[in-house]
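show me the folded form of this:
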Amino acid sequence: MEILEITSAQNPKLKEVVQLLEKSKLRRERGLFVVEGLREIRACIRNGYQLRSLFFNSDILSSRQIEDLLTTSVPAAVGAGSGNASYGRGVAVFSLSAQAYSKIAYREGTEGVVAVVQERRLNLDDVKFGRRWQTPLVLVVESVEKPGNLGALLRTADACGVDAVIVCDPLTDLYNPNLIRSSLGGIFTNQVVACKNEEALEWLKRRGITIFTAQLQDSEWYYDTDMVQPTAIVMGTESTGLTDFWRNEAKSKIKIPMLGELDSLNVSVSAAVLCYEAVRQRNTI
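Numbers count the residues shown, from 1 in each chain. Next comes the predicted model:
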């Protein structure tokens, strides 16, 4: 593995990383995004993402640790087999001084490694079922704006074995650094698709997946509904909730008990309650 050294914080390659961090338009145009952290980069590799370049702080990590990272095993189902010793051959690796690395580090308590990664965007027809459950379990989120909320939703989806997360009419870039950070790599471990409401609805209907909308009006308690059947849990924004588009298409409208004075939970908390109810029901049959 060849390692090149960068000592100046003004190096053009570092400036490119900073631009990718800051500009969603540039990320889309180049099909590249930035990931920081050992766990997140391993998740990239294990789930079939291709690293283009990797930068590490030589005061924090050794070249041996970087070599181990780049030989992370990729499951055969992803297409690379196990013992992926050749993976790192196409990755440009740079050793940075502490000053140079500080230019591109964007997390507190950095682990000392940042990668530039090739985008991989899924379409609805790319989604595969049966990863955990016999019947589909899908989480649909409409127009979620805050990267932190979407990141937390992705962590829940990973924990609950959700087959896919469908992000309808997204208001945030799926490869926003704050989303990647808050998801702890969940953007890579889940099957995530961005599309329009109409596309998601047609896809769900075509596959016979029952639509459950989370809303307070005209609803039944979430624990009185059958989530063992093919299920799509549809969540809206905290500020306005779901649009009438999804309300009108729901087979079941479900709600969570609210016993205090407030009438709203954080959308990621609500999604966790509902997804774990699906897990509970499916684990008791």
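
mind listing what the residue lying closest to residue 232 once chain neighbours are set aside touches?
Spatial nearest neighbour of residue 232, excluding adjacent residues (C-beta to C-beta, 6 or more residues apart in numbering): residue 138 at 4.3 Å. Backbone N, C-alpha and C define where each C-beta goes, glycine included. Residues near residue 138 by C-beta atoms under 8 Å, 6 or more residues apart in numbering: 162-166, 204, 209, 231-233.

one more: residue 203?
For residue 203, the contact set (C-beta under 8 Å, 6+ apart) comprises 124-125, 166, 195.

highest neighbour count among those residues?
residue 166 (24 neighbours; other C-beta atoms under 10 Å).

one step back: quickly list what the residue nearest to residue 232 is bridged to.
Counting by DSSP bridges, residue 138 is bridged to residue 164, residue 232.

so what's the residue nearest to residue 184 when sequence neighbours are not counted up against?
Closest residue to residue 184 apart from its sequence neighbours, by C-beta to C-beta, 6+ apart: residue 155 at 5.9 Å. By C-beta under 8 Å, 6+ apart, the contact set of residue 155 is 182-184, 186.

take the residues you listed and keep only those in strands.
Applying DSSP state E to the contacts of residue 155, no entry is found in strands.

which pLDDT value does the model give residue 68?
Looking at residue 68, its pLDDT stands at 94.

secondary structure element for it?
helix 63-70 (DSSP states H and E).

ok, then the element right after the helix or strand of the chain with the lowest mean pLDDT?
Here the helix or strand of the chain ranked lowest by mean pLDDT, DSSP states H and E is strand 252-255, holding a mean of 89. Sequence-wise, the next helix or strand downstream of strand 252-255 (DSSP H and E) is helix 267-283.

partner strands of the least confident helix or strand of the chain and their direction?
Per DSSP bridges, strand 252-255 is paired in its sheet with strand 210-214 (parallel), strand 220-221 (parallel).
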